[in-house]
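> sequence and predicted structure, then a few things I'm wondering about:
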Amino acid sequence: MKVLMTGGTGLIGSELGLELTKAGHELVILTRNPTNSYKKCPFPHTALKWDSLFDSSIPEVSGVEGIINLAGLGIADQRWSASYKKNLTDSRVKSSNQVKSFAMKNQESLKFVLSASAIGYYPKNSPIDFKEDAEAGLDFMAQLCKKWEAPIIELSQNSSVRCVIPRIGIVLTPQGGALSKMIPPLNSGLGGPLGSGSQMMSWIHQYDLIRLLIHLIKDQNCKGIYNAVSSQPKTNKDFTRALGQILQKPTLLPAPAFAIKLALGEMSTLVLDGQKISNQKVLTSGFKFEFDNLDLALESLLGDLSKLKTQKIYKQWIPKPLDQVWSFFSDPKNLGKLTPPSSHFTHVSQTPGDMKVGTEIIHKIYLFSFLPVIWKSRITKWSPQTHFADNQIKGPFAHWEHTHSFESLNGGTLIIDHLVFKAPLGYPGYHLGRFKIESDLKQVFDFRVQKLHKMFGDSL
């Protein structure tokens with residue numbers, strides 16, 4: 001099936017696009033910067049230029065059987081000035097209107113339209129378990145969601161297209177999203193509930209969200225609005241306590257509501273207010289959650305991150321067969337080809353013989369472009385054409401574990417890098433060095449993605 005997707009370069013869109021590709025679908029991604037879509041979409045796709053903010057028409061694409069609309073500026077990316085609130089609204093409402101127009105012209109070939117919304121639609125801080133037929137709240141977020149959904153509801157009423165609107169809750173992801181903002185204060189030992197801590201948090205594990213969206217796409221009986229949340233909403237106090245237990249950190253110091261309001265302004269409603277949302281309609285549709293328990297959900301996402309550790313996950317698809325990609329990556333000497341010149345990377349030596357568990361490798365790099373450091377690592381996992389892992393024995397980190405995974409996909413190879421690391425010097429290193437480390441890692445992997453993109457047309 002050919003599927004047209006907006007928001008495909010985002011956190012959810014990139015994961016959904018990957019799973020749809022694995023299921024055999026063809027993805028067409030609408031994006032502001034099509035030449036760079038390969039950096040954020042780890043799957044084969046066609047990228048077309050489109051910007052929802054400027055009310056531009058969706059390009060004509062033949063044979064489209066499904067539309068997924070995830071477009072919209074980040075709700076929490078910056079303070080809600082009047083101009084940013086307008087952009088938040090326009091980026092969603094205009095995209096929904098353009099999806100409606102495209103769908104009306106192509107309804108004969110279309111099998112579905114799935115257009116995202118959010119649980120911000122519902123009134124705040126009510127004891128009611130909100131179901132999909134509830135009235136919208138009166139605040140900015142609720143009215144934004146109502147306007148966001150309106151064109152798709154009109155489409156469902158005036159066409160033969162099956163329309164689905166998932167109202168998505170707080171998405172728990174291994175990086176980014178709500179957890180990325182909650183973890184640093186807890187790791188500092190200064191974390192705790194936000195405000196009163198009584199506000200409800202209706203959440204969903206990223207894995208379950210992707211599975212649910214695919215369920216809503218595949219099941220032709222699914223139509224209308226669905227609350228995309230787990231069955232166990234928690235108060236902010238209980239959620240924070242559960243997160244603290246996973247991180248092995250106390251949660252004794254609440255953040256006063258007045259301080260949060262001073263820092264965030266009107267946007268503070270995102271963390272100080274909440275809703276208790278029912279997912280009964282989702283369950284009735286036959287969907288089964290893998291992570292319906294908060295403790296299990298957090299453990300699956302953050303189980304290795306106690307003691308000030310941080311994780312990063314990078315994914316890239318390249319159109320080369322697995323055997324060629326594995327051959328390239330399993331040679332430590334090639335690492336220098338994928339490292340920014342400013343690091344002055346040098347392969348020094350390695351244990352003689354074929355690569356295997358126990359092989360030790362020594363590299364030399366320059367931190368900050370001028371400080372030489374010897375980096376010695378040991379291979380701890382080795383499964384040819386599947387994965388390998390290396391742990392730092394000596395080097396700049398207090399802990400470093402890097403798992404490289406490889407998977408055949410559409411004649412090419414999906415590469416997944418999972419890093420778990422800890423800055424040196426304990427608490428000072430975590431708070432002072434974490435941002436520098438994350439910035440440097442982003443630079444390294446941005447360089448690597450671009451380098452592989454340039455190389456894939458030639459022999460690896």
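Happy to help now that I have it.
> so residue 250 versus residue 241, what's the distance?
10 Å (CB to CB, to the nearest Å). C-betas here are computed from N, CA, C, even on glycine.
> more crowded one of the two?
Legend: neighbour count by other CB atoms under 10 Å for residue 250 and residue 241, higher for residue 241 (17 against 14).
> the more buried one and residue 251 touch, don't they?
Yes: in this structure, residue 241 is within contact of residue 251 by CB atoms under 8 Å, at 5.2 Å.
> max-length strand in the protein?
strand 371-383 (DSSP state E).
> mind checking what helix or strand follows that one in sequence?
Per DSSP states H and E, strand 371-383 leads on to strand 387-394 as the next helix or strand towards the C-terminus.
> what helices or strands is that following strand leaning on?
Judged by 3 or more CB pairs under 8 Å, 6 or more residues apart in numbering; DSSP states H and E, the packing partners of strand 387-394 are strand 371-383, strand 399-409.
> I'd like to know which of those is closest to residue 419.
Between residue 419 and these, the shortest separation by CB to CB is 5.3 Å, and it involves strand 399-409.
> pull out the buried positions in the closest one.
Neighbour-count burial for strand 399-409, counted by 16 or more other CB atoms under 10 Å, picks out 399-404, 406, 409.
> picking that back up, quick one: closest of the helices and strands packed on strand 387-394 to residue 161.
Using CB to CB, the helices and strands packed on strand 387-394 put strand 399-409 closest to residue 161, at 29.7 Å.
> only alpha carbons, please: show the closest one as CSV.
Output in CSV follows, covering the C-alpha atoms of strand 399-409 (Å, rounded to 0.1, in the frame of the first residue of the first chain):
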residue,chain,number,x,y,z
HIS,A,399,30.9,4.1,31.5
TRP,A,400,30.4,3.5,27.8
GLU,A,401,28.5,0.6,26.1
HIS,A,402,27.7,0.7,22.4
THR,A,403,25.5,-1.9,20.8
HIS,A,404,25.5,-1.9,16.9
SER,A,405,22.5,-3.8,15.4
PHE,A,406,21.9,-4.6,11.7
GLU,A,407,18.8,-5.7,9.9
SER,A,408,17.9,-6.4,6.3
LEU,A,409,15.2,-4.1,5.0
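> give the next helix or strand downstream of it.
Once the chain leaves strand 399-409, the next helix or strand it forms, by DSSP H and E, is strand 412-422.
> same for that following strand, what does it pack against?
Counting contacts by 3+ CB pairs under 8 Å, 6+ apart, strand 412-422 packs against strand 310-318, helix 322-329, strand 399-409, helix 426-455.
> what angle do strand 412-422 and the first one make with each other?
Okay, so that is strand 310-318. Per axes from the mean of the first three to the mean of the last three CA atoms, to 10 degrees, the angle that strand 310-318 makes with strand 412-422 is 170 degrees.
> neighbouring strands for strand 310-318, and are they parallel or not?
strand 412-422 (antiparallel) (DSSP bridges).
> so how far is the strand it pairs with off the chain centroid?
The chain centroid and the centroid of strand 412-422 are separated by 14 Å under CA atoms, centre = their mean, to the nearest Å.
> for the record, mean pLDDT for it?
Averaged over strand 412-422, pLDDT sits at 95.
> also stretch 26-34?
95.
> just the residues contacting it, thanks.
Residues outside stretch 26-34 that contact it (CB atoms under 8 Å, 6 or more residues apart in numbering): 1-6, 8-9, 17, 20-21, 37, 41, 43-51, 58-59, 61, 64, 71.
> tell me which of the buried residues of strand 399-409 is nearest to residue 445?
The closest of those to residue 445 turns out to be residue 402 (CB to CB; 11.4 Å).
> wait, doesn't that closest one sit right on residue 416?
No: using CB under 8 Å, residue 402 is not in contact with residue 416; the gap is 11.2 Å.
> rewinding a little: in the longest strand of the chain, what counts as buried?
375, 377-379, 382.
> sheet-wise, list the partners of it with their directions.
strand 360-367 (antiparallel), strand 387-394 (antiparallel).
> residue 298: which of those is closest?
Using CB to CB, the strands paired with strand 371-383 put strand 387-394 closest to residue 298, at 23.2 Å.
> just the angle for that closest one relative to strand 399-409, thanks.
Orientation check (the same axes, to 10 degrees): strand 387-394 against strand 399-409 gives 160 degrees.
> give the rounded mean pLDDT of strand 387-394.
Strand 387-394 comes out at a mean pLDDT of 97.
> what's near enough to touch the nearest residue to residue 374 once chain neighbours are set aside?
Closest residue to residue 374 apart from its sequence neighbours, by CB to CB, 6 or more residues apart in numbering: residue 364 at 5.8 Å. Contact partners of residue 364, counting by CB under 8 Å, 6+ apart, are 344-346, 348, 372-375.
> counting contacts, what elements does the worst-scoring helix or strand of the chain on mean pLDDT pack onto?
Lowest by mean pLDDT, DSSP states H and E among the helices and strands of the chain is helix 426-455, with a mean of 87. Judged by 3+ CB pairs under 8 Å, 6+ apart, helix 426-455 is in contact with helix 177-187, strand 310-318, strand 412-422.
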